[in-house]
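In: Show me how the following folds:
(one chain, ligands or ions: 2)
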Amino acid sequence: MTLENKLGLTDAIELAHAEERLTKKRALELYDKKILDQYEVGTFAGLQQIHGYLFQDVYEFAGKMRTVNIAKGNFRFAPVLYLDEALKSIDKMPQDTFEAIVEKYVEMNVAHPFREGNGRSTRIWLDNILRREIGRVIDWSMVDKEDYLLAMERSPVRDKEIKSLLKEALTDKIDDRQVYMKGIDASYRYEGYSTYRTEDI
Ligand SMILES: Nc1ncnc2c1ncn2[C@@H]1O[C@H](COP(=O)(O)OP(=O)(O)O)[C@@H](O)[C@H]1O
Ligand SMILES: [Mg+2]
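Out: Residues are numbered from 1 along each chain as shown. Ligands and ions are numbered 1, 2, ... in the order given. Below is the predicted model of the structure:
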């Protein structure tokens, strides 16, 4: 079963292709039109703006908090009942050092506020915090998919692996369109979307 979508698609592969193409186009606009600069940095409201922009063409729930409980592997993300409260405390978490920012990212992943698209939108949110607060971003093309997913699976219990993995991939090329586009492609690859290159869209 595919998620209900604005395109009226019921075939999973067709939906995946359309979603990848439409949302990568939006991801590039976030950068090229300097839209990210206008968004809140490090809050759920800021993440809603990113998710809403990326997924506006595909899902009615773009930018909207989920209303169902979800899990991945053995991990259950924050129950809907406590989600609002969890997001308010994440908003207040500090973001003045690399360690604090990754801790905030880990908590936002535990919250997993949207029905779908958390990974892709939250990585853009994370880079926006790093850029603003410490003048660095992650070069996601340097972060191996398996290493990343294992470190994230582990992160609710122990954040050491994700911290060291991301630290190794930090770059000061914060205004480099190529780094951004390759980063989007890597981020999508983690989630199984690798049909189009952002550069070609
Ligand atoms: N077992 C797990 N425990 C905790 N977090 C996980 C687990 N598996 C995946 N994740 C995180 O969830 C993200 C995927 O969430 P999802 O909402 O499907 O985003 P997207 O639609 O962008 O793929 C991954 O990128 C990873 O950060
Ligand atoms: Mg997904």
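In: got the residue ranges for the helices in the chain?
Out: Per DSSP state H, the chain carries helices over the ranges 12-32, 44-55, 80-91, 98-111, 118-134, 145-154, 160-168, 177-190.
In: which stretch among these comes nearest ligand 1?
Out: Closest approach to ligand 1 among the helices of the chain (CB to the nearest ligand atom): helix 118-134, 2.7 Å. Every residue, glycine included, has its C-beta placed from N, CA and C.
In: For I70, give me its contacts.
Out: 76-77, 112, 115 (CB atoms under 8 Å, 6 or more residues apart in numbering).
In: I only care about the residues you listed that end up buried; give me the ChimeraX line for that.
Out: To isolate the buried ones among the contacts of I70 in ChimeraX, judged by 16 or more other CB atoms under 10 Å, type:
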select :77,112,115
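In: now the contacts of I70 as a markdown table including pLDDT and distance to D84?
Out: Below are the contacts of I70 laid out as a markdown table (pLDDT from 0 to 100; distance: CB to CB, whole Å):
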| residue | pLDDT | distance to D84 |
| --- | --- | --- |
| R76 | 98 | 17 |
| F77 | 98 | 14 |
| H112 | 98 | 13 |
| R115 | 98 | 16 |
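In: burial measure for the residue lying closest to D172 once chain neighbours are set aside, as a count.
Out: Leaving aside its chain neighbours, D172 sits nearest to R136 (5.8 Å; criterion: CB to CB, 6 or more residues apart in numbering). Here the number of neighbours of R136 (other CB atoms under 10 Å) works out to 18.
In: quick one: R136 from ligand 1, how far?
Out: 20 Å (CB to the nearest ligand atom, to the nearest Å).
In: so what's the backbone phi/psi at that residue?
Out: Backbone torsions for R136, taken as degrees, to the nearest 10, come to phi -140, psi 160.
In: Report the separation between it and M108.
Out: 18 Å (CB to CB, to the nearest Å).
In: now R21
Out: Look at R21 and M108: by CB to CB, they are 26 Å apart.
In: Same drill for these two, tell me which one is more crowded.
Out: Legend: neighbour count by other CB under 10 Å for R21 and M108, higher for M108 (24 against 16).
In: Save the contacts of I70 as JSON lines, and put in distance to R123 too.
Out: What follows is those, written out as JSON lines (distance: CB to CB, whole Å):
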{"residue": "R76", "distance to R123": "21"}
{"residue": "F77", "distance to R123": "16"}
{"residue": "H112", "distance to R123": "13"}
{"residue": "R115", "distance to R123": "17"}
